[in-house]
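return a 3D structure for these sequence lines:
(chains A and B)
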Protein chains: 2
Amino acid sequence: MQSAQQATNVTFEEINLGDTASYSRLVTEREVELFAAVSGDHNPVHLDPEYAATTQFGECIAHGMLTGAFISAAIAMELPGPGTIYLGQNIQFRAPVMLGDTLTVNLEVTAKHDKKPWVTIATVVSNQDGKVVAKGEANVAAPTVKETVTLIPPPDVKLVEAGE
Amino acid sequence: MQSAQQATNVTFEEINLGDTASYSRLVTEREVELFAAVSGDHNPVHLDPEYAATTQFGECIAHGMLTGAFISAAIAMELPGPGTIYLGQNIQFRAPVMLGDTLTVNLEVTAKHDKKPWVTIATVVSNQDGKVVAKGEANVAAPTVKETVTLIPPPDVKLVEAGE
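Have a look, this model is predicted:
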């Protein structure tokens, strides 16, 4: 069992324009199958290599919104972190994500509201070659109370082929 | 084993302004644990009932971007369906999603580009009480070729508690 990990937030007061953070995830067949399971999008372009070979992509691609899941995790885990309330996100999907890609979400604070604890964060997702696969902007209510939380690893997830 | 299911797309030519589709999903602990596993967001507000009881929500809430995953599946499975290229999405998160909520994504075509096969779709996600939990707009390249695909159910996902 993994030992408990902790995460500490960055409060609205502590946040400065230009603050940055990054968050990386490897995309494998596991991530694509989990995203299919949680979303219900079982299109063969994501899950069937033979079908995917007949498309413009030539191989299976990840669901575009997987980049949105990674952006949301970057905000919730890194900047501002625990206690953040997600108000909105826009995303432009720029390039396909392939299995084996390592995606990095780069966050940069671009605006702070003058009355409410609201922060605007530029969100750019690039692959291991530096190619931007998705970009956009998040609006969040940053936490106003400093906090360190204990992260709860979810149960192990096992993918079991039909018939096993 | 589930028998193979199929999905047929709606081509750009077939799409009319005002066309609608809907897509519903039940949110349980399973969806929240899967979203934590795929995104890497292990915040206790989603996964630890004792911690969540101390927050403004009083109980565990789903990750906001789970609504984005459902919107993307609605587009990929229903309207326009297979062959759609997701260009962009904006989402405003309006209200928390609780475990046990049944979310319905309602799609409505609001614009068609006059030269390219691009379509704008209003995306509204409501819970079982009719409360809007997320809303926004998708931009997609609709398929230009009519197609029926065989959906590939992903492997069964089993959540295994630590120690089992």
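
the most centrally placed residue in chain A in helix, strand or coil?
Closest residue to the average C-alpha location of chain A: residue A:70 at 0.7 Å, with CA atoms, centre = their mean. Under DSSP: H, G, I helix; E, B strand; the rest coil, residue A:70 falls in the helix class.

that one touches residue A:125, doesn't it?
Yes - the pair residue A:70 and residue A:125 qualifies as a contact (CB atoms under 8 Å) at a distance of 6.5 Å. Just so you know, the C-beta spots here come from the backbone N, C-alpha and C atoms, and that holds for glycine as well.

so what sits against both of these two?
Listed as contacting both residue A:70 and residue A:125 by CB atoms under 8 Å, 6 or more residues apart in numbering or on different chains are A:103, A:105.

ranges for the strands of chain A?
Along chain A, counting by DSSP state E, strands occupy A:5-8, A:20-26, A:85-93, A:102-112, A:118-126, A:132-141, A:148-151, A:156-160.

what residues of the last one count as buried?
Within strand A:156-160, the residues scored as buried using 16 or more other CB atoms under 10 Å in any protein chain shown are residue A:157.

tell me which strands it pairs with, and in which orientation.
strand B:156-160 (antiparallel) (DSSP bridges).

what is the mean pLDDT for the strand it pairs with?
Strand B:156-160 comes out with an average pLDDT of 75.

which other residues reach that strand?
Contacts of strand B:156-160 (CB under 8 Å, 6+ apart): A:33-34, A:37, A:154-162, B:30, B:33-34.

could you rerun that using 7 Å?
Contacting residues not belonging to strand B:156-160 are listed as A:34, A:37, A:155, A:156, A:157, A:158, A:159, A:160, A:162, B:30, B:33, B:34 [CB atoms under 7 Å, 6 or more residues apart in numbering or on different chains].

if we can go back for a sec, quick one: which of the strands of chain A is nearest residue B:52?
strand A:148-151 (10.8 Å; CB to CB).

does chain B sit close to the closest one?
Yes - using CB under 7 Å from any CB of the partner chain, strand A:148-151 reaches chain B at A:149, A:150, A:151.

quick check: closest non-adjacent residue to the first one.
With CB to CB, 6 or more residues apart in numbering or on different chains as the criterion, residue A:149 has its nearest non-adjacent residue at 4.5 Å, and that residue is residue A:82.

and if you look at residue A:146?
residue A:11 (5.4 Å).

now do residue A:141
For residue A:141, the spatially nearest residue (CB to CB, 6+ apart) is residue A:85, at 4.1 Å.

give me every residue that touches residue A:102.
A:24, A:26, A:127, A:128.

need the residues you listed in a markdown table with neighbour count and pLDDT, can you?
Listed next are the contacts of residue A:102 as a markdown table, based on neighbours: other CB atoms under 10 Å in any protein chain shown; pLDDT from 0 to 100:
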| residue | neighbour count | pLDDT |
| --- | --- | --- |
| A:24 | 14 | 98 |
| A:26 | 12 | 97 |
| A:127 | 19 | 98 |
| A:128 | 12 | 98 |
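
just those now: which is nearest chain B?
residue A:24 (9.5 Å; CB to the nearest CB).

specify the beta-bridge partners of the closest one.
Bridge pairing for residue A:24 - DSSP bridges - gives residue A:104.

now do residue A:159
residue B:157.

ok, so what distance separates it from residue A:43?
As for residue A:159, its distance to residue A:43 is 18 Å (criterion: CB to CB, to the nearest Å).

report how many residues lie close to residue A:12.
20 (other CB atoms under 10 Å in any protein chain shown).

for it, grab phi and psi.
Backbone torsions of residue A:12, given as degrees, to the nearest 10, read phi -50, psi -40.

just the one 4 residues further on next, same as before
Note on residue A:16: backbone dihedrals following degrees, to the nearest 10 are phi -120, psi 150.

and the residue lying closest to it once chain neighbours are set aside, what pLDDT?
Residue nearest to residue A:16 in three dimensions, not counting chain neighbours: residue A:109, with 6.9 Å by CB to CB, 6+ apart. If you check residue A:109, the pLDDT there is 98.

ok, residue A:109 touching residue A:123?
No - look at residue A:109 against residue A:123 with CB atoms under 7 Å: they stay out of range, at 10.9 Å.
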